[in-house]
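S.K.: A predicted structure for the sequence below; I have some questions about it.
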Amino acid sequence: MNGVRPTIIVTCPHNCEECVSIYRTIKVMFHESVYPAVNYKDIKVIDSHHVEVKVKTCIYENTLFIDICGSLDYDTKYYVVIPKDCVKDLECNLFCPEYVFEFTTEINKNLLFITRTEPQNEDKCVDINTNIVINFNKIIKEGKEFDDIKLISCDGKCIKIKKEICESALKIDLCEELEYEKEYKLFIPKCAVKDCKNITMEKSYTLEFTTEEEKKLFVVCTKPVDGAGNVDTCEEIVITFNSKIEEGKDFCEIKLFDNQGECVELEKVIKGDRLYLEPEKLCQCKKYFLEIPKKAVKSCEGKTLQCDFNMSFCTVCLVKK
């Protein structure tokens, strides 16, 4: 006896394979010729609910053939159990330990089913202005429950939507903006759509997703800092934001003025996430106030400041000798 147990080298279908034919013969190949052993009768195929499938088995040289008596169910996960001591080699070395692999059967292409969604199910960070697209495997038309398609928030609020069918796609347009960081569910009843032969989905479908965090625009830092003293009268003012910015509707209303209310002419330039302000002339030993209206700048997503931004600083005072 060589003492080397029979070893599985490949299975067909392979472990975790999808879209497997419901009529597929299962093959398990060993590294050497094998023969039935004490637990040969315990070779089995079961579904995810532990329901056993009726099978017939036979061995030819190094291959174990498992034939399904009838057919498997569509779109179902199955587990193939090869128990220990089920086969042996010429020297009576027994197979060990137990080996289990799984596969999932094909979808019934005669049925109507969803092939892709945008956003995908359980997506996070979905745009609050997103439009939803549900793609089917066939061209569809309205079914008797078409009006019962609903988009609902996690607190039970029904969102106004507009529904449109374009060949094999169901398009959902929002009639109102969604809220930030909130869970939503799109419910499609099984009879909401149908194909040209009036075949509907096997069951209702629910698409779940969560909207994005609110992209707020805010000031990260300033130069000079708020409340600074001894600022050079020639110093450029730089306001840095948390994202790239562009001019807003109140860009011209950005003001720099002294404590007597006299405004200073400003040259304003945006570069990336920074606003550069070049005062025409600052006086020594004076306090200045900068006011940036909340809609003076905006992010690339169109977000403005939550409120007006204000800061102040004092220019340097030169002491006469």
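M.R.: On my side now, so go ahead. All values reported here derive from a predicted model rather than from experimental measurement.

S.K.: now residue 99, which residues is it bridged with?
M.R.: residue 82 (DSSP bridges).

S.K.: shouldn't residue 230 be in contact with residue 313?
M.R.: No: the criterion here is Cβ atoms under 8 Å, and residue 230 misses it with residue 313 at 9.2 Å. Glycine gets a C-beta too; all of them are placed from N, C-alpha and C.

S.K.: which one of these two has more residues nearby?
M.R.: More neighbours surround residue 313 than the other of residue 230 and residue 313, with 23 against 11 (other Cβ atoms under 10 Å).

S.K.: Return the distance of the more buried one relative to residue 301.
M.R.: Distance from residue 313 to residue 301, counting by Cβ to Cβ, to the nearest Å: 31 Å.

S.K.: Then residue 119?
M.R.: 18 Å.

S.K.: repeat for residue 112
M.R.: In terms of Cβ to Cβ, residue 112 sits 38 Å off from residue 301.

S.K.: more crowded one of these two?
M.R.: Shown here are residue 112 and residue 301; by other Cβ under 10 Å, residue 112 has more neighbours (21 against 11).

S.K.: tell me the average confidence for stretch 171-190?
M.R.: Averaging pLDDT along stretch 171-190 gives 94.

S.K.: Give the buried residues for it.
M.R.: Buried residues in stretch 171-190, defined by neighbour count with 16 or more other Cβ atoms under 10 Å: 171, 172, 174, 178, 182, 184, 186, 188, 189.

S.K.: Now flag whichever of those is closest to residue 146.
M.R.: Set against residue 146, the nearest of those by Cβ to Cβ is residue 189 (8.5 Å).

S.K.: From what I see, the closest one and residue 149 are in contact.
M.R.: Yes: assessed by Cβ under 8 Å, residue 189 is found in contact with residue 149 at 7.1 Å.

S.K.: continuing past the helix or strand encompassing residue 222, what's the next helix or strand?
M.R.: Take DSSP states H and E as the rule and residue 222 turns out to sit in strand 219-223. Later in the chain than strand 219-223, the nearest helix or strand by DSSP H and E is strand 228-231.

S.K.: Any buried residues in that following strand, and which?
M.R.: Neighbour counts over strand 228-231 (16+ other Cβ under 10 Å) mark residue 231 as buried.

S.K.: Distance from that strand to the middle of the chain?
M.R.: 49 Å (Cα atoms, centre = their mean, to the nearest Å).

S.K.: low pLDDT regions in the chain?
M.R.: Within the chain, the segments meeting pLDDT under 70 span 1-2, 319-321.

S.K.: what's the residue closest to the geometric middle of it?
M.R.: For the chain, the residue nearest the mean C-alpha position is residue 123 (3.2 Å; Cα atoms, centre = their mean).

S.K.: Could I get the contacting residues of that residue?
M.R.: Going by Cβ atoms under 8 Å, 6 or more residues apart in numbering, residue 123 touches 209, 210.

S.K.: how about the residue nearest to residue 189 when sequence neighbours are not counted, what does it touch?
M.R.: Of all residues not flanking residue 189 in the chain, residue 145 sits nearest, at 3.9 Å (Cβ to Cβ, 6 or more residues apart in numbering). If you count contacts by Cβ under 8 Å, 6+ apart, residue 145 has them with 189, 190, 191, 192.

S.K.: From the residues you listed, pick the one nearest residue 219.
M.R.: residue 192 (48.3 Å).

S.K.: The closest one reaches residue 150, doesn't it?
M.R.: No: in this structure, residue 192 is not within contact of residue 150 by Cβ under 8 Å, at 9.9 Å.

S.K.: Tell me which of those two has more neighbours.
M.R.: Neighbour count, other Cβ under 10 Å: between residue 192 and residue 150, residue 192 has more, with 24 against 14.
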